[in-house]
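Engineer: quick one: sequence plus predicted model below, questions after.
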Amino acid sequence: MKKNKDTIEQLFQNLENQWDIESPIEGHLERFQDKLALKKTVPKKINWVPISWAAVFLFIAGFIGFYQLNSAQAVSVDNWEQASVQTKETHDYFASVVEKELQNLKKRKTPESEEIITDALKQMDVFEKDYQKIIVELQKNGDTKQLLHALILNFQTRISFLEDVIKKIEIINQQKNIENEKSI
């Protein structure tokens, strides 16, 4: 402790005649206080250009989204008004089978099969997008054989895909059960 005290004393001795002891010029304090007051009263300028661009972008995105939402609702309302009774029945039958298979798939969800089911649902989204394209074409062109064939093929592809995924999940579960039995 004494050593630190000696060091401080030496520092002051070395700086003895080097201190700034002059008084500031008259009015220094007032000028300093005036400068401080100016800094408080000057408002910070806001750059409105990026904010205005963001607002324009949001407005356009909202307008487009609103337009697409309205057009999507219009398409879903009119989906089957122009279709024949047989086309409606075929659609309803296949749609119910696909929905049943989807529910069956979701019931089989386990930690081991979760990744497979997630991938299968992503693939089902791809099938759904193809289905929506077919529906739009049916609305534009009516019940043509080619479009009806594409519609049925889409549903059959979905059904067989879901059945294949369910079989794979069953195999995984069987292998898991066999491994559990061996470990017992």
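Structural biologist: Yep, that arrived.

Engineer: so what does the helix or strand where residue 106 lies touch, helix or strand wise?
Structural biologist: Following DSSP states H and E, the helix or strand that holds residue 106 is helix 85-107. For helix 85-107, the elements it packs on are helix 114-141, helix 145-183, judged by 3 or more C-beta pairs under 8 Å, 6 or more residues apart in numbering; DSSP states H and E. Every residue, glycine included, has its C-beta placed from N, CA and C.

Engineer: give the buried residues for that helix.
Structural biologist: Neighbour-count burial for helix 85-107 flags 87, 90-91, 94, 98, 101-102, 105 (criterion: 16 or more other C-beta atoms under 10 Å).

Engineer: which one in these is the model shakiest on?
Structural biologist: Minimum pLDDT across these is recorded for residue 87, with 78.

Engineer: correct me, but that one touches residue 145?
Structural biologist: No. In this structure, residue 87 is not within contact of residue 145 by C-beta atoms under 8 Å, at 11.1 Å.

Engineer: quick one on the thing from earlier: how about the helices and strands packed on helix 85-107 in CSV, adding mean pLDDT, mean neighbour count and distance to residue 62?
Structural biologist: Converted to CSV, the helices and strands packed on helix 85-107 look like this (pLDDT from 0 to 100; neighbours: other C-beta atoms under 10 Å; distance: least, C-beta to C-beta, whole Å):
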stretch, mean pLDDT, mean neighbour count, distance to residue 62
helix 114-141, 88, 14, 23
helix 145-183, 84, 14, 33
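
Engineer: out of the buried residues of helix 85-107, which is nearest to residue 133?
Structural biologist: Closest approach to residue 133 among these (C-beta to C-beta): residue 91, at 14.9 Å.

Engineer: that closest one against residue 148, yeah?
Structural biologist: No. Using C-beta under 8 Å, residue 91 is not in contact with residue 148, being 9.6 Å away.

Engineer: any idea how far residue 156 is from the most centrally placed residue in the chain?
Structural biologist: Note on the chain: the residue nearest the mean C-alpha position is residue 122, at 14.8 Å, using C-alpha atoms, centre = their mean. Noted for residue 122: a distance of 20 Å to residue 156, by C-beta to C-beta, to the nearest Å.

Engineer: nearest to residue 161, of the buried residues of helix 85-107?
Structural biologist: residue 101 (8.9 Å).

Engineer: and for the closest one, nearest residue in space, chain neighbours not counted?
Structural biologist: residue 162 (3.9 Å; C-beta to C-beta, 6 or more residues apart in numbering).

Engineer: list the contacts of that neighbour.
Structural biologist: 98, 101-102, 104-105, 120, 124 (C-beta atoms under 8 Å, 6 or more residues apart in numbering).
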